[in-house]
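Asker: sequence unknown, structure follows:
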C-alpha cells in the first residue's frame, strides 16, 4: 500500500475512532455532570499532574523511539516492554506511599485512597503499550479503533452505574480502571505479538539515547500542562477546579475529534518523509490548514453558545464554567499546531532542541503563573492565552527552520481561516443577542445560530476558494492528484 493510501486509511480510522469515542464521552460527561458535583470532578483533576507524570516516566519516550526506528525485531519490542512494566510498578509504589502527603497538600483526606486505586491503571496499561505502539507503527488504526471503542463503552457503563448508586468520586476512579483493563485484555487477545524474556542492553541504549531527551521534554510539558490544575486545586476550591476541568473537557471534544486523530497519523507519516523537506513541508502545511479549517470555527461557535449549551446539557450548577470555556478558546485553536511543530523536531531527530525549547517555555510559564495568582482564576486563564501564543511562536520558529517553512509563511497559510472564522463569529454573536432579546428557547437558539454560522462560513470559503476547503474536497471526496506529494510507494 502506498504511503498516501496508508495516510488516508489512518486518518479515516483514527477520525472514526475519535468521533465515536467523543460521542460516547459527550453522553457520559452529560450524565455524570448531572449525577456528580463539580467538587467530585475537581478531586480527580487534583491528581492529574501526578497521574500524567507517572504515565510519562513509565513510557520514558521509548515507544516514540520504536515508532521512528526502522527494522525493529523482538529484541527491541521485548526490551521496551519489560522496561515499561518495571517502571510502572516502581511509579505505582512511589505514588502509593506518597499519597498521604498529596492528600495533605490539598487538604483532601479522601485522595489517599483515590490515588492508591486509580494508579493501578499504570501497571495494567504497561501490558498494552508495546502492542498499541506496534499497531501504530504498522498504521493499523482500524484494529485500534475496534479495541478502543468497546473498552471505552464498557468502562463508561461501569462509571455510570456507580455514579447512579451514589459512589461519587469512586465512580470516576473505577471507570478509568475498567477502560484500561478492557483495552489491555483485548489487545492481548487480538494481536499476535507476545514478549519474550529478552533484555538487550545495546537496543535499550539505542532507544534510551533518543528517548531520554524526549522524556525530559514530555515531563516538563506534562508538569506545566497540569500546573494550572495544581495551582487552582491548591489556592482555590475543589468546585472551582471542577468548573475549570469541565471547561477544558468540553473544549477538547472538537479538538480531540480532529487534531488527535490527525496527530496520531502525522508522526509515522512525517517520519516516512524525514529526509525530504519539500514533501514534509507540503504535508505539514496541508494538515495544519485542514485542522484549523474545522477546529477554529467550531470553537468560536461554541464560545458564542456556551451559556445555553451548558445550561441545557449540564444544568444550572455548571454555569460558572462558562467564562472559563471562553478564555480557553484561543489556546484550544493553537493546541494542535504545537503538536505538529514538535512532531517536526522529533522526526528530524532534534530531541535536543525539543528539550531546550520546552525548558525555555516552562521558565516563562513558571514566572508568569507566580505573578498571575494574585489576580485570581481569571488572571490565570488570561495568562494561558499569552503563553499559548508565545509557545506557538517559539515552536514554529525552530521547526520552520528545519523544513524551510518560516513563521511568516506559516501565519500567511492559516490567516484566512482565522480571519474568516472570527468575522463570521462576530456576525453570529449579534444574531444570538437578538435571539436572546426575543427569548427564544435554548435549543432553538443554538440550532438557528449553528445553521446560519455554517452557511455563512462555507459559502465564504467557497467564494474565496480557500485552499483548505478545496484540499478537503480533493483529498477526501475526489482523491485527486493534488496530494501526489504525499504519495510514495513502499
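Answerer: The structure has been received and is ready for your questions. Fair warning: this is a prediction, and the values are worked out from it, not measured in the lab.

Asker: what mean pLDDT does the helix or strand where residue 180 lies have?
Answerer: Assigned by DSSP states H and E, residue 180 belongs to helix 169-190. Helix 169-190 shows a mean pLDDT of 92.

Asker: buried residues in that helix?
Answerer: 169-187 (16 or more other Cβ atoms under 10 Å). The way it works is simple: take the backbone N, C-alpha and C, and place the C-beta from them, glycine included.

Asker: for stretch 422-442, same thing?
Answerer: 424, 425, 428, 429, 431, 432, 435, 440, 442.

Asker: and if you look at stretch 220-229?
Answerer: So for stretch 220-229, counting by 16+ other Cβ under 10 Å, buried means 220, 221, 222, 223, 224, 226, 227, 228, 229.

Asker: OK, contacts around the third one?
Answerer: Just to be clear, that refers to residue 222. 49, 52, 53, 55, 56 (Cβ atoms under 8 Å, 6 or more residues apart in numbering).

Asker: nearest residue to it in space, please, no chain neighbours.
Answerer: residue 52 (4.4 Å; Cβ to Cβ, 6 or more residues apart in numbering).

Asker: pLDDT on the host helix or strand of that neighbour, on average?
Answerer: Residue 52 is part of helix 48-59, with elements assigned from DSSP H and E. For helix 48-59, mean pLDDT is 81.

Asker: same check, this time on stretch 382-399
Answerer: pLDDT averaged over stretch 382-399 gives 87.

Asker: quick one: distance of the helix or strand harbouring residue 385 to the chain centre.
Answerer: Here residue 385, judged by DSSP H and E, is contained in helix 376-402. Mean C-alpha position of helix 376-402 versus that of the full chain (Cα atoms, centre = their mean, to the nearest Å) differs by 16 Å.

Asker: who's sitting farthest from the centroid in this protein?
Answerer: Residue farthest from the centre of the chain, counting by Cα atoms, centre = their mean, is residue 438 at 38.4 Å.

Asker: so which of the buried residues of stretch 422-442 comes closest to residue 75?
Answerer: residue 425 (53.8 Å; Cβ to Cβ).

Asker: quick one, what contacts the closest one?
Answerer: 297, 300, 301, 303, 304, 453.

Asker: let's test this: mean pLDDT of the helix or strand harbouring it, rounded?
Answerer: For residue 425, the host element (DSSP H and E) is helix 407-437. Throughout helix 407-437, pLDDT has a mean value of 92.

Asker: right, and the helix or strand after that helix?
Answerer: Taking DSSP H and E, what comes next after helix 407-437 is helix 442-463.

Asker: on that earlier part again, so of the buried residues of stretch 220-229, which ones are in helices?
Answerer: 220, 221, 222, 223, 224, 227, 228, 229 (DSSP state H).

Asker: setting aside sequence neighbours, what's the nearest residue to the first one?
Answerer: Among residues not flanking residue 220 along the chain, residue 358 sits closest, at 4.6 Å (Cβ to Cβ, 6+ apart).

Asker: you'd agree the one you found is up against residue 223?
Answerer: No. Contact between residue 358 and residue 223 fails when scored by Cβ atoms under 8 Å: they sit 10.0 Å apart.

Asker: show me the shaky parts of the chain.
Answerer: Where the chain drops to pLDDT under 70, the residues are 1-18, 59-61, 67-70, 139-140, 210, 256-276, 351, 471-490.

Asker: what ranges do the strands span in it?
Answerer: Remark: no strands are assigned in the chain by DSSP state E.

Asker: how many neighbours does residue 110 have?
Answerer: 14 (other Cβ atoms under 10 Å).

Asker: need the contact list for it.
Answerer: By Cβ under 8 Å, 6+ apart, the neighbours of residue 110 are 43, 103, 169.

Asker: what about the last one, distance to residue 459?
Answerer: Between residue 169 and residue 459 the distance is 47 Å, computed by Cβ to Cβ, to the nearest Å.

Asker: same check, this time on residue 423
Answerer: Distance from residue 423 to residue 459, by Cβ to Cβ: 13 Å.

Asker: just residue 418 next, same as before
Answerer: Counting by Cβ to Cβ - residue 418 and residue 459 are separated by 18 Å.

Asker: who has more neighbours, these two?
Answerer: More crowded of residue 418 and residue 459, by other Cβ under 10 Å: residue 418, with 15 against 11.

Asker: around the nearest residue to the more buried one once chain neighbours are set aside, count how many other residues there are.
Answerer: Distances taken as Cβ to Cβ, 6+ apart put residue 296 closest to residue 418, at 6.1 Å, once the chain neighbours are dropped. Neighbour count for residue 296, taken as other Cβ under 10 Å: 24.
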